[in-house]
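Visitor: Sequence and predicted model, in that order:
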There are 2 protein chains.
Amino acid sequence: MKKSQYKEEVKALRAELIQLQLSLKDADFPVLIVIGGDDRSGRHETLNLLHEWMDPRFLQANAYGFPTEEEQQKPFMWRYWKDLPPKGLIGLCLRDWTSYSIIEHLVDQLNQEQLAQRIEYSKKFEETLISQGMLIIKIWLHLPEEELKQRLTVERKQIHKTWQIHQRDQQIYTNFDHAKNVIRNTLKATHSEAAPWHIIDSSDLYERNLNVGNLIAKQIKARLKSPPEIQSAKLHKELSAFKGNHLAKVDLSQSIDKSEYKKTLKHWQKKASLLIHQFQEKDQSCVIVFEGWDAAGKGGCIRRLTSSIDAGFYRVTPIAAPTEEELSHHYLWRFWRKIPRAGRMSIFDRSWYGRVLVERVEGFAETREWQDAYDEINDFEQQLHDKGTPVIKFWLHIDKDEQLSRFQERENTPYKHHKITEEDYRNREKWDDYEIAINDMIDYTSTEYAPWRLIPANSKHFARIEVLKHVCEVLEATLTNNTGE
Amino acid sequence: MKKSQYKEEVKALRAELIQLQLSLKDADFPVLIVIGGDDRSGRHETLNLLHEWMDPRFLQANAYGFPTEEEQQKPFMWRYWKDLPPKGLIGLCLRDWTSYSIIEHLVDQLNQEQLAQRIEYSKKFEETLISQGMLIIKIWLHLPEEELKQRLTVERKQIHKTWQIHQRDQQIYTNFDHAKNVIRNTLKATHSEAAPWHIIDSSDLYERNLNVGNLIAKQIKARLKSPPEIQSAKLHKELSAFKGNHLAKVDLSQSIDKSEYKKTLKHWQKKASLLIHQFQEKDQSCVIVFEGWDAAGKGGCIRRLTSSIDAGFYRVTPIAAPTEEELSHHYLWRFWRKIPRAGRMSIFDRSWYGRVLVERVEGFAETREWQDAYDEINDFEQQLHDKGTPVIKFWLHIDKDEQLSRFQERENTPYKHHKITEEDYRNREKWDDYEIAINDMIDYTSTEYAPWRLIPANSKHFARIEVLKHVCEVLEATLTNNTGE
């Protein structure tokens, strides 16, 4: 292609890209552009080019290098989750989850099995984002073998560029055929209809640039014109069928007398304190989720637990309605950003389960959305579990009469009065709908790695002891398992 | 105090605290409660207590332990900055900046001089927050020596609590009198009218709890009733006086011919690439700020710079109008959150200088606010500099005619058209006001550690080379200085 022709085409393309960016600003979805390929195929130059062609104020670029200490302590996908673009913006991603996993495998830091797991994580990650509307454009810049080898030779001669050839690269290129195979197979495995790989030949600069730009323009234009028919990828289970009425089986008559409570509480708090200290010493982290009916006593349970923990070790996150910024991201985004680092404990007072409880019952989420959430949540919790972070989930159960009497007590106590609003009474009218949602939630998210623990909470004292006991049990088991390794 | 009396008083206090929290929600300032003192004086218990008494949804607690890797790489105040509560909420802070510095000094990790510097940082930090409306309540829980010694003895006998006595503590208590002196002097030095220390005796549980609760209630109530007369602590310089018309001295006729430009550009990019690689290797970070007239060519300069840097090493942050979340914090908060970690470079396309430019000229900031900003900004940049992170600041200067012709060129180029709006022309009408603001900015924020570099930018080519040259110069000097140590 002649330079003059290239310049002419670029002019038109730039105008189009800018126009699309401006239209995107009012759209209700984000775009994520993944630029994969070898360093010599021009990933970085492409990133720069897109910054030049488009309006950088509406671009959000992230390039991922060797994981930092914090990144190593958290599930692999964490760093990609936390940087996702909000609705209306375009994210650019260099050394994405797939490219990075390929590299790690090629330099023997990830075995075959671990690579397969990464591919699973990656596919679910993309599926999850797409199902809430994100447009993902995955570009793989490809260089024919001869061309790549030649560029490597040239580069080695340019002193100021040698740093671009990491030792890692050297290792990769010792066996070209093996590398080619791994790349081919991994791209195949992570190629899907909703998030396909677009292979672009990178030999000719002009053609590469135009192809990348045109592809992006075409994809965004198509997506702006017609929102995709999101076919939920998951096969939907029979919902709301009350396969088992888990709540009905909870024996709410259980209680504990006051003097026994005081003694027992001290015992378990002491035990929890010791176990948590061991956890901290071993740099282990932990997630605890409290869900339950309004007025079920979550706050009281949390305080009995935290009073035995050093304040530097835990953080309690009360989950309220999402902020404007949170609403412009996938609903799991805000929770991914709050998972604990090594040696810390995150306690959630309400959680991501809002998606399948209040958002389902109140109709804030579409049917497809809350139905998809079961698998998305399981996947999220599994990634935490796989990283050695136990997820402990409590449902505090009370009956309708107990709730009413607690509402009334709150109304009559000056410092509790503000806790009770008309909304609580409105929610109460939907008790039966919630019961269905809760039972479904327990059915579909009580996994082996993160089972629900139903706590009879008509007696506040009984519930507090139960919670402490369960926490100790899980911490102890985790410590034992990890020592055994 | 009798238990029954305590219970009665607590009831009233809780109701009052809750009521204040609800009123705070609509107030336009945040509250930060600092709980200092020895671990045995009940800091943690107080934190728990406040969670019980107040509504935890509107509390935001942070306890700081040993600094993480990332915290160590950034200025000391970073971790406190990033966790600040937004307007309407209450932050609780354990092991605050002062307490933590005292401990570090007592265990010989901070010498006398460094402690003095920390005290300076702390005072400026508090001043800065207070000047934008934050209410800071600093509580020091005090235990008489005999009582403290006795509690230590008891604790050592309770196995499950021994973890609370860190080795550090042991070291502190080898010389009680020295510790007492250091604490007394540091509290004195960090006590100010706007952020005084409230010393509360912690010997008696009931009294301590009530005193802490009542103090908080009283402070918040007073602040809600009447916003403080914020006496700007700083002596104001004679502003807008055109002490020197820095801009007028810039020789805008400088340019470079095209073939010379291409050659020179390559040379400096190569050099920058090498230097930046050395920076990265040494885990050094760097901040580069681009400010300039509309259409001065900031974007072009940034791209010529970044094209020679590995994409994983830098991040370009375009500064637009603040988001809702950012607006509910101190204006420097969003910039503190974006400072680079070790081995990274943060490039700002516009910056915190918006406070003394657009916010001053457009009246978005009050006179006192933008006047205070000069010192606040200098302090911010000094903390970066002290941590070994150079701050390189460019003002791209063009004249009014050049701007007009660039506006017109933009209007006539399809992909640039969107960059030009009526607002640009409105800003242009305020050219003279901006000129005053820019000259003042240069006068008051051109420090030894972070001087402004005025770039003649009527010739885009000339400006790009100048920017690259300056960056190389600073990087080289930084590398030399640090090798020399």
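Guide: Perfect, I can see it now.

Visitor: Which neighbouring residues are in contact with the spatially closest residue to residue A:80 that is not a sequence neighbour, exactly?
Guide: Counting by Cβ to Cβ, 6 or more residues apart in numbering or on different chains, residue A:80 lies nearest to residue A:97, which is 5.5 Å off, once chain neighbours are set aside. For glycine as for every other residue, the C-beta is placed from the backbone atoms N, C-alpha and C. Residue A:97 is in contact with A:76, A:77, A:80, A:118, A:121, A:122, A:125, counting by Cβ atoms under 8 Å, 6 or more residues apart in numbering or on different chains.

Visitor: tell me which of those is nearest to residue B:3?
Guide: Nearest to residue B:3 among the contacts of residue A:97, counting by Cβ to Cβ, is residue A:77 at 52.0 Å.

Visitor: And the pLDDT for that closest one?
Guide: In this model, residue A:77 is scored at 97, pLDDT.

Visitor: How about the contacts made by it?
Guide: Here residue A:77 is in contact with A:97, A:121, A:122, A:125, A:336, A:383 (Cβ under 8 Å, 6+ apart).

Visitor: of these, buried ones?
Guide: A:97, A:121, A:122, A:125, A:336, A:383 (16 or more other Cβ atoms under 10 Å in any protein chain shown).

Visitor: Tabulate those residues in a markdown table, adding columns for secondary structure and pLDDT.
Guide: Listed next are the buried ones among the contacts of residue A:77 as a markdown table, based on DSSP: H, G, I helix; E, B strand; the rest coil; pLDDT from 0 to 100:
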| residue | secondary structure | pLDDT |
| --- | --- | --- |
| A:97 | helix | 96 |
| A:121 | helix | 95 |
| A:122 | helix | 96 |
| A:125 | helix | 96 |
| A:336 | helix | 97 |
| A:383 | helix | 96 |
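
Visitor: for chain A, where's the lowest mean pLDDT among helices and strands?
Guide: The weakest-scoring helix or strand in chain A, judged by mean pLDDT, DSSP states H and E, is helix A:167-172 (a mean of 70).

Visitor: after that one comes which helix or strand?
Guide: Next along the chain after helix A:167-172, taking DSSP states H and E as the criterion, comes helix A:176-189.

Visitor: Alpha carbons of that following helix, as CSV, please.
Guide: Taking Å, rounded to 0.1, in the frame of the first residue of the first chain, the C-alpha atoms of helix A:176-189 are listed here in CSV:
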residue,chain,number,x,y,z
PHE,A,176,9.5,-22.5,18.2
ASP,A,177,7.2,-25.3,17.2
HIS,A,178,6.2,-26.0,20.7
ALA,A,179,5.4,-22.4,21.3
LYS,A,180,3.4,-22.2,18.1
ASN,A,181,1.4,-25.3,19.1
VAL,A,182,0.6,-23.9,22.6
ILE,A,183,-0.5,-20.6,21.2
ARG,A,184,-2.7,-22.2,18.5
ASN,A,185,-4.4,-24.6,21.0
THR,A,186,-4.9,-21.9,23.6
LEU,A,187,-6.4,-19.5,21.1
LYS,A,188,-8.7,-22.3,19.9
ALA,A,189,-9.8,-23.1,23.4
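
Visitor: Please identify the pairing partners of the very next helix or strand once past that helix and their relative orientation?
Guide: Using DSSP H and E, the helix or strand that follows helix A:176-189 in sequence is strand A:197-201. Strand A:197-201 pairs in its sheet with strand A:135-142 (parallel), by DSSP bridges.

Visitor: got a list of contacts for the strand it pairs with?
Guide: A:29-38, A:41-43, A:46, A:96, A:98, A:126, A:129-130, A:187, A:194-202, A:208, A:212, A:215-216, A:219-220, A:223.

Visitor: Okay, and which of these map to helices?
Guide: A:43, A:46, A:98, A:126, A:129-130, A:187, A:208, A:212, A:215-216, A:219-220, A:223 (DSSP state H).

Visitor: Report the contact partners of the residue nearest to the spatial centre of chain A.
Guide: When Cα atoms, centre = their mean is applied to chain A, the residue found nearest the centroid is residue A:336 (4.7 Å). Applying Cβ under 8 Å, 6+ apart to residue A:336 gives the contacts A:77, A:78, A:81, A:82, A:380.

Visitor: Throw together a ChimeraX command that grabs the buried residues out of those.
Guide: ChimeraX command restricting the contacts of residue A:336 to the buried ones, with burial defined by 16+ other Cβ under 10 Å:
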select /A:77,78,81,380
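
Visitor: ok, so of the contacts of residue A:336, who is nearest chain B?
Guide: residue A:82 (12.8 Å; Cβ to the nearest Cβ).

Visitor: hang on, that closest one packs against residue A:338?
Guide: No - using Cβ atoms under 8 Å, residue A:82 makes no contact with residue A:338, being 9.9 Å away.

Visitor: Looks like residue A:312 contacts residue B:62 (just checking).
Guide: No - at 9.1 Å, residue A:312 does not count as touching residue B:62 under the criterion of Cβ under 8 Å.

Visitor: So which residues on the stretch 351-485 of chain A come close to chain B?
Guide: Residues of the stretch 351-485 of chain A lying near chain B by Cβ under 8 Å from any Cβ of the partner chain: A:414, A:415, A:417, A:418, A:419.

Visitor: cutoff 6 Å now
Guide: Contacts of the stretch 351-485 of chain A with chain B, taken as Cβ under 6 Å from any Cβ of the partner chain, map to A:414, A:415, A:418.

Visitor: JSON lines for those residues, including secondary structure?
Guide: Below are those laid out as JSON lines (DSSP: H, G, I helix; E, B strand; the rest coil):
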{"residue": "A:414", "secondary structure": "coil"}
{"residue": "A:415", "secondary structure": "coil"}
{"residue": "A:418", "secondary structure": "helix"}
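
Visitor: which of residue A:312 and residue B:62 has more neighbours?
Guide: residue B:62 (21 against 17; other Cβ atoms under 10 Å in any protein chain shown).

Visitor: does the more buried one count as helix, strand or coil?
Guide: strand.

Visitor: From chain A, how far out is it?
Guide: The gap separating residue B:62 from chain A is 8 Å, by Cβ to the nearest Cβ, to the nearest Å.

Visitor: In contact with that residue, which residues?
Guide: B:83, B:93 (Cβ atoms under 6 Å, 6 or more residues apart in numbering or on different chains).

Visitor: what are the ranges of the strands in the stretch 201-350 of chain A?
Guide: When secondary structure is read from DSSP state E, counting those that start in this stretch, the stretch 201-350 of chain A shows strands at A:286-292, A:314-318, A:345-349.

Visitor: Show me the one of these that comes nearest chain B.
Guide: Taking the strands of the stretch 201-350 of chain A one by one with Cβ to the nearest Cβ, strand A:314-318 is closest: 4.5 Å.

Visitor: by contact count, what packs against that closest one?
Guide: Secondary-structure packing of strand A:314-318 (3 or more Cβ pairs under 6 Å, 6 or more residues apart in numbering or on different chains; DSSP states H and E): strand A:345-349.

Visitor: Parallel or antiparallel, which strands does the strand it packs on pair with?
Guide: strand A:286-292 (parallel), strand A:314-318 (parallel).

Visitor: so how far is residue A:329 from the residue nearest to residue A:80?
Guide: Distance, residue A:97 to residue A:329, by Cβ to Cβ, to the nearest Å: 17 Å.

Visitor: in the stretch 251-400 of chain A, which spans are helices?
Guide: Using DSSP state H, counting those that start in this stretch, the helices of the stretch 251-400 of chain A run over residues A:258-281, A:298-306, A:324-327, A:333-336, A:358-361, A:367-386, A:400-412.

Visitor: Where among the ones you listed is average confidence lowest?
Guide: Among the helices of the stretch 251-400 of chain A, helix A:324-327 scores lowest, with a mean of 89.

Visitor: Quick one: distance of stretch A:451-460 to the chain centre.
Guide: With Cα atoms, centre = their mean, to the nearest Å as the basis, stretch A:451-460 stands 27 Å off its chain's centre.

Visitor: How about it, which residues are buried there?
Guide: A:452, A:453, A:454, A:455, A:456, A:457, A:458, A:459, A:460.
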